[in-house]
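S.K.: Sequence and computational prediction follow.
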Amino acid sequence: MYVVRMACNSLPMWPNQALKWDAPTVSALFWLGHARPLSLSFGGSDMKAGIKTTARLRCLRPVLRKWIALNRQLGARWSSGGDVAWWYNERALISVFAGAVWQSGGYAFEEFSERKRGKKRLLSGRIDLEFTAGQHEFLAEVKQCELAATARRDRTDHVRGFMDKAKADVRRCRPDGRRRIAIVFGAPYVAKHRRAEMDDRIEWLVDQAGEIHDNIEADAVAWTFPSPRRLPTYQGWVCPGIIAWIREVRR
């Protein structure tokens, strides 16, 4: 039995919690406190999930399939204890993605020191993730953002801002034969009092995932909205799933 401690300093409404888990799928341990959220029951048994990629990032499809499966598995295991994997911060979300890389036959190396490009010279820095997918080796810089989904307002500009930051970060990484990608994980949240409309909200979020993918010219998007019988809620908010947008940076 593993005790997994994750840092939850991103979404202000989500408390911190220590979790027990019986398999080392998540590849790193993180610190947090001990507050436990309540749980909310709703929805059916179907899982809404999907993947869309351009030809040049088709090699990521096995990784994204595993990423969806891991989120579903963790949702099923953790939701009964009032927790889900996808509402945590950037560092924790990288670990789930890294777990998907390992499960799809690649390797992943997270949060390591390396010299990065400055304005005039190389500077000390850190890279979020290096990983392989098939015959391809990638460097990735990652951002995590919150997506308000109670009101149906287009979130393209919001996501684009985080994607621009991730692209700027990964451009500072020296490729040395590796491909460079920017990743944005979007964590939607919905007001608890909208639970009767949850299926409708999720349908809208799925549409948003594809529309934002097109608007920001991403090379891949994947989303998953599992349907465990209980999803955690805290101070009136529910986080029903997660979306990942990926864009390759060539120069």
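M.R.: Looks like it came in fine. The structure presented is a predicted model; accordingly, all values stated were derived computationally and were not measured.
S.K.: Show me the contact partners of stretch 55-71.
M.R.: For stretch 55-71, the surrounding residues in contact (C-beta atoms under 8 Å, 6 or more residues apart in numbering) are 25, 49, 51, 53, 85-86, 96-97, 99-101, 103-106, 131, 133-136, 181, 219-220, 222, 224, 226, 241-242, 244, 246, 248. The C-beta positions use only the backbone N, C-alpha and C, and glycine is treated the same way.
S.K.: Can you point out the buried residues in it?
M.R.: 57, 59-71 (16 or more other C-beta atoms under 10 Å).
S.K.: and what of stretch 223-239?
M.R.: Neighbour-count burial for stretch 223-239 [16+ other C-beta under 10 Å]: 223-228, 230-234, 237-239.
S.K.: In CSV, list these along with distance to Arg174, pLDDT and secondary structure.
M.R.: Output for the buried residues of stretch 223-239, formatted as CSV (distance: C-beta to C-beta, whole Å; pLDDT from 0 to 100; DSSP: H, G, I helix; E, B strand; the rest coil):
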residue, distance to Arg174, pLDDT, secondary structure
Trp223, 32, 96, strand
Thr224, 33, 94, strand
Phe225, 37, 91, strand
Pro226, 38, 85, coil
Ser227, 43, 71, coil
Pro228, 42, 54, coil
Arg230, 46, 66, strand
Leu231, 42, 70, strand
Pro232, 41, 73, strand
Thr233, 44, 77, strand
Tyr234, 41, 71, strand
Trp237, 41, 85, strand
Val238, 42, 86, strand
Cys239, 36, 86, coil
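S.K.: Generate a PyMOL selection restricted to the buried entries among the contacts of stretch 55-71.
M.R.: Selection command for PyMOL covering only the buried members of the contacts of stretch 55-71, criterion 16+ other C-beta under 10 Å:
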select buried, resi 25+49+51+53+85+86+96+97+99+100+101+103+104+106+131+133+181+219+220+222+224+226+241+242+244+246+248
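S.K.: Now, the contacts of stretch 55-71 that are in helices?
M.R.: Secondary structure from DSSP state H places Val96, Phe97, Gly99, Ala100, Val101, Gln103 of those in helices.
S.K.: Pull the distance from the helix or strand containing Ile94 to the chain's centre.
M.R.: Using DSSP states H and E, Ile94 sits within helix 90-103. Remark: helix 90-103 is offset 8 Å from the chain centroid, using C-alpha atoms, centre = their mean, to the nearest Å.
S.K.: name the helices or strands packed onto that helix?
M.R.: Secondary-structure packing of helix 90-103 (3 or more C-beta pairs under 8 Å, 6 or more residues apart in numbering; DSSP states H and E): helix 61-78, strand 108-117, strand 122-133, strand 136-148, strand 179-191.
S.K.: No further queries at this time; thank you.
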